[in-house]
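Show me how the following folds:
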Amino acid sequence: LFAASRRRDRREQTVYPAGNAAMTSVTVAAGIAAWAVFAIWLHRVLIGVSPFAAMG
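From the prediction side, this is the model:
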């Protein structure tokens, strides 16, 4: 699907605007925060196993 989309964009000469570094940073920070919440708290609540139990 990705390759087909890229070919279509080239064929139709579609040009997308450049990305925004600030918004990319916000997205990365939100992803890291979501991972941390899941790994530290939600994993134990939802699955019943603490992934960091052996480390402490």
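
how far out from the middle of the chain is stretch 21-32?
In terms of CA atoms, centre = their mean, to the nearest Å, the centre of stretch 21-32 is set 9 Å apart from its chain centre.

quick one: which helix or strand includes the residue nearest to the spatial centre of the chain?
The centre of the chain sits closest to Gly31, judged by CA atoms, centre = their mean, with a distance of 5.3 Å. Secondary structure assignment for Gly31, by DSSP states H and E: helix 21-37.

Contacts for whichever helix or strand comes after that helix, please.
Following the chain from helix 21-37 toward its C-terminal end, the next helix or strand by DSSP H and E is helix 43-47. With contact meaning CB atoms under 8 Å, 6 or more residues apart in numbering, helix 43-47 is reached by 49-51. No exception for glycine: its C-beta is placed from N, CA and C like everyone else's.

List just the nearest of those to Thr24.
Distance to Thr24, by CB to CB, is smallest for Pro51 among the contacts of helix 43-47, at 27.3 Å.

now that closest one: how far from Arg8?
According to CB to CB, to the nearest Å, Pro51 and Arg8 sit 41 Å apart.

go on, Ile47?
Using CB to CB, Ile47 is found at 41 Å from Arg8.

where does Gly48 land on pLDDT?
Turning to Gly48, the model gives it a pLDDT of 91.

Relative to Val15, how far out is it?
If you measure Gly48 against Val15 using CB to CB, the figure is 49 Å.

Next: Phe52.
Look at Phe52 and Val15: by CB to CB, they are 45 Å apart.

Pull up the gap between Val28 and Tyr16, please.
The gap separating Val28 from Tyr16 is 20 Å, by CB to CB.

okay, these two: which has more neighbours?
Val28 (10 against 6; other CB atoms under 10 Å).

which stretches of this protein aren't confidently modelled?
54-56 (pLDDT under 70).

Mind doing that once more with 80?
Within the chain, the segments meeting pLDDT under 80 span 53-56.

thinking again about what came up before, just among the contacts of helix 43-47, which is most surrounded?
Within those, Ser50 tops the neighbour count with 15 neighbours, counted by other CB under 10 Å.
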